[in-house]
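Student: Need coordinates for the below:
(2 chains)
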Amino acid sequence: MISVQNLTHRYGDRVALSNISFEVKKGEIFGLLGPNGGGKSTLFRILSTMMAPTEGTVSLAGHDVVRDPASVRRNIGVVFQTQSLDKALTVEENLRAQGHLHGLRGADLASRMDAAMEKLNVSDRRKDIVDTLSGGLRRRVEIAKALLHRPQVLLMDEASTGLDPAARRDLSRNVEKLRAEDGVTILLTSHILEEADRCDRLVLLHNGKIVAQGTPPELRSSIGGDVVVLDTDDSQSLAAGITQRFGLQAVTRDGQVRVEIQNGHRFITEVVEAFPGAVQSVGLHKPTLEDVFVRETGAFIE
Amino acid sequence: MNNFFLPAITLWQRELVRFWRQKSRLLGVVLSPLLIWLLIGYGSASLDKFFSGALVLTVMFSAIFSTITIIEDRREGFLLSMLVSPAPRTSLVLGKIAGSATLGWIQGLIFLCFAPMAGVHLDAMEVLPIIAVIFLISFTLTGLGFVIAWKMETTAGFHAIMNLLLLPMWMVSGSLFPVATAQGFVKWLMWINPLTYSISLLNSTLHLPGTWPGAMESLLVTLAFGLGLLLLSGAMAAQKSTKSAA
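Tutor: Okay, here's the model as predicted:
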């Protein structure tokens, strides 16, 4: 449904995306995970036909984004990171305007508007001016708007930004529902781990490159064992000490040292005894997507 | 054709609805030219000489207000979803410009109500051409605003252009002093300034002083300028972007 082949994009001399390739199958929920500035936004702009890539080919629903953007646009719904609703208009007026942009009108448009509002549970707010709605409600209206022309692919850019946890869960449920009921293929960008964890498959983007891709369990199991996190006053010297003494790779961040290891519980006793007084608190967890990212890049997502 | 006009009409309508819901915009746009006109006009005992200039200023302010929203709208706003819709870019441009031009026109017509104070008395048949001329001027200035706003990354840039280009353009358009009495290089500037022709056209239709260049010449130049800007706007919007801004 989505195919990206050898995609490279440059802004002048700066390389924003470097030789990206991936495929998204029909009905998948696919995630682009990475820190801000990693290339997600650039990739999103290219996928949504807002910008032509420097090199490589990108097609959605069988249409090339450069050669035939109009056909791509008929088949995609786009939810932007920033608001794309007109705040001075009502929910209904926003949807109607969107329908008109897609050449829909009359009874057909009215029934689609009803269905979209019903699906996203915003029917009772149809007469409200968008400016008076909460962030979570606006997101739902954004999605209803993006679905009006019944696209095969829904693209969502950091759609959960600025939402509270309840609204975020609600958003995930809606995404899942769209896939289940309508077979919509969904591509979303995120820098939030729990959101990425709910995708069928994902790619991890860093500095414009794909550093890992697979299903969330596959990615997590690429780290065998546990992750141990140590809080300390001097993370640099503790990390150096661990590497020297145990021959392990240790990554530091704001007074923390992270180590990947089998049987982490045994390592904990050893490390605390080896560096008396240096460790203030200890944590042990099963690998998360962030740990995968840290291992591949040495950097953090959130 | 449905896919061309429907998006254009919906955008036109959107501008009007937004305007109606933010009626306070009207005050800013009409009041300040009115004040400028009354102060300069009373002070120099020649309300008639400055009337057309003040009316054009009203229309210009409205055009600036309407087109400056393009800059923010493209980053976060309604324009984003227009750009990823299959509607032709040219139809979006036409809708946006027609909508903004209509708002400038309405505000220009409100200003026209003060014409009797400038000693202008018109019968019904004379009012019609004026109404048409005000729309043409509004359309032209909106097109100018669009062309400037489309390439702008920040609203601050637009403000700079407004102060360095649009306001000086207005000052040397015959709004403050006629071409006939202008000196040196300013006279040349007035000749090449398309707004000079708009002011002269208004003066002609309102039977006010300052009708050089002639009515027909002024009409043609204003029409050509407006049409040129419309085509340029369409061409700019249809261009594919490879930059970071939309």
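Student: State the helix or strand in which A:Leu85 lies.
Tutor: Assigned by DSSP states H and E, A:Leu85 belongs to no helix or strand.
Student: hang on, it packs against A:Val130?
Tutor: Yes - using Cβ atoms under 8 Å, A:Leu85 is in contact with A:Val130, at 4.8 Å. No exception for glycine: its C-beta is placed from N, CA and C like everyone else's.
Student: Excluding chain neighbours, what is closest to A:Asp254?
Tutor: A:Ser235 (7.8 Å; Cβ to Cβ, 6 or more residues apart in numbering or on different chains).
Student: list residues touching both of A:Leu85 and A:Val130?
Tutor: Residues touching both A:Leu85 and A:Val130 (Cβ atoms under 8 Å, 6 or more residues apart in numbering or on different chains) are A:Asn94, A:Arg138, A:Val141.
Student: Narrow the residues you listed to those in helices?
Tutor: Among the shared contacts of A:Leu85 and A:Val130, DSSP state H puts A:Asn94, A:Arg138, A:Val141 in helices.
Student: of the residues you listed, closest to A:Leu230?
Tutor: Distance to A:Leu230 across these (Cβ to Cβ) is lowest for A:Arg138, with 41.8 Å.
Student: Neighbours of the closest one, how many?
Tutor: 22 (other Cβ atoms under 10 Å in any protein chain shown).
Student: ok, it - contacts?
Tutor: A:Arg138 makes contact with A:Gln83, A:Leu85, A:Val130, according to Cβ under 8 Å, 6+ apart.
Student: now it: how far from A:Ala144?
Tutor: Note on A:Arg138: its distance to A:Ala144, by Cβ to Cβ, to the nearest Å, is 10 Å.
Student: Buried residues in the strand or helix carrying B:Pro168, which are they?
Tutor: Counting by DSSP H and E, the element that carries B:Pro168 is helix B:167-170. Across helix B:167-170, burial judged by 16 or more other Cβ atoms under 10 Å in any protein chain shown covers B:Met169, B:Trp170.
Student: for stretch B:96-110, same thing?
Tutor: Using 16+ other Cβ under 10 Å as the test for burial, stretch B:96-110 gives B:96-109.
Student: Just put those residues in CSV and tack on secondary structure and pLDDT.
Tutor: What follows is the buried residues of stretch B:96-110, written out as CSV (DSSP: H, G, I helix; E, B strand; the rest coil; pLDDT from 0 to 100):
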residue, secondary structure, pLDDT
B:Lys96, helix, 93
B:Ile97, helix, 95
B:Ala98, helix, 96
B:Gly99, helix, 95
B:Ser100, helix, 95
B:Ala101, helix, 96
B:Thr102, helix, 96
B:Leu103, helix, 95
B:Gly104, helix, 95
B:Trp105, helix, 96
B:Ile106, helix, 95
B:Gln107, helix, 94
B:Gly108, helix, 95
B:Leu109, helix, 95
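Student: okay, those in TSV with distance to B:Phe19 next?
Tutor: Shown next, in TSV, are those (distance: Cβ to Cβ, whole Å):
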residue	distance to B:Phe19
B:Lys96	13
B:Ile97	15
B:Ala98	13
B:Gly99	9
B:Ser100	9
B:Ala101	12
B:Thr102	9
B:Leu103	5
B:Gly104	10
B:Trp105	12
B:Ile106	8
B:Gln107	9
B:Gly108	14
B:Leu109	14
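Student: Next, give me the two most distant ones among these.
Tutor: B:Lys96 and B:Leu109 (20.6 Å).
Student: picking that back up, can you list the shared contacts of A:Leu85 and A:Val130 in TSV and add distance to A:Phe275?
Tutor: Putting the shared contacts of A:Leu85 and A:Val130 into TSV (distance: Cβ to Cβ, whole Å) gives the following:
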residue	distance to A:Phe275
A:Asn94	59
A:Arg138	50
A:Val141	54
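Student: ok, so of those, who is nearest chain B?
Tutor: Checking those against chain B by Cβ to the nearest Cβ gives A:Asn94 as the nearest, at 8.0 Å.
Student: Residues contacting stretch A:6-23, please?
Tutor: For stretch A:6-23, using Cβ under 8 Å, 6+ apart, the contacting residues are A:2-5, A:39, A:42-43, A:46, A:51, A:53-58, A:203, A:205, A:207-210, A:213, B:243-244.
Student: where's the residue lying closest to A:Gln249 once chain neighbours are set aside relative to A:Ser237, distance?
Tutor: The shortest distance from A:Gln249 to any non-neighbouring residue, by Cβ to Cβ, 6+ apart, is to A:Thr243 (6.8 Å). For A:Thr243, the distance to A:Ser237 (Cβ to Cβ) stands at 11 Å.
Student: where does chain B come near chain A, residue by residue?
Tutor: B:2-3, B:6-7, B:9-11, B:14, B:17-18, B:21-22, B:75-78, B:80-87, B:240-244, B:246 (Cβ under 8 Å from any Cβ of the partner chain).
Student: wait, doesn't B:Trp37 sit right on B:Asp48?
Tutor: No - using Cβ under 8 Å, B:Trp37 is not in contact with B:Asp48, being 10.5 Å away.
Student: coming back round to it: name the SS class of the residue nearest to A:Gln249, please.
Tutor: helix (DSSP: H, G, I helix; E, B strand; the rest coil).
Student: Let me see the contact set for whichever residue of the stretch 1-150 of chain A sits closest to chain B.
Tutor: Per Cβ to the nearest Cβ, A:Thr82 is where the stretch 1-150 of chain A lies closest to chain B, at 3.2 Å. Counting by Cβ under 8 Å, 6+ apart, A:Thr82 makes contact with B:Arg75, B:Glu76, B:Gly77, B:Leu80.
Student: Specify the local secondary structure of it.
Tutor: Going by three-state DSSP: A:Thr82 is coil.
Student: Give me the buried subset of the contacts of A:Arg138.
Tutor: Here, 16+ other Cβ under 10 Å leaves A:Gln83, A:Leu85, A:Val130 buried among those.
Student: quick one on the thing from earlier: may I have the residues that are in contact with the residue nearest to A:Asp254?
Tutor: A:Ser235 neighbours (Cβ under 8 Å, 6+ apart): A:Thr252, A:Arg253, A:Asp254, A:Gly255, A:Gln256, A:Val257.
Student: Apart from its chain neighbours, what residue comes closest to whatever residue of chain B ends up closest to chain A?
Tutor: Per Cβ to the nearest Cβ, B:Glu76 is where chain B lies closest to chain A, at 3.2 Å. In space, and not counting its chain neighbours, B:Glu76 is closest to A:Thr82: 3.2 Å by Cβ to Cβ, 6+ apart.
Student: right, and B:Ile137 touches B:Leu202 too?
Tutor: Yes - B:Ile137 is within contact range of B:Leu202, at 7.2 Å (criterion: Cβ under 8 Å).
Student: Next, show the common contact partners of B:Trp37 and B:Asp48.
Tutor: Counting by Cβ under 8 Å, 6+ apart, nothing touches both B:Trp37 and B:Asp48.
Student: the more surrounded of the two?
Tutor: Each of B:Trp37 and B:Asp48 has its neighbours counted (other Cβ under 10 Å); B:Trp37 has more, 24 against 19.
Student: any idea how far A:Leu238 is from A:Ala274?
Tutor: 10 Å.
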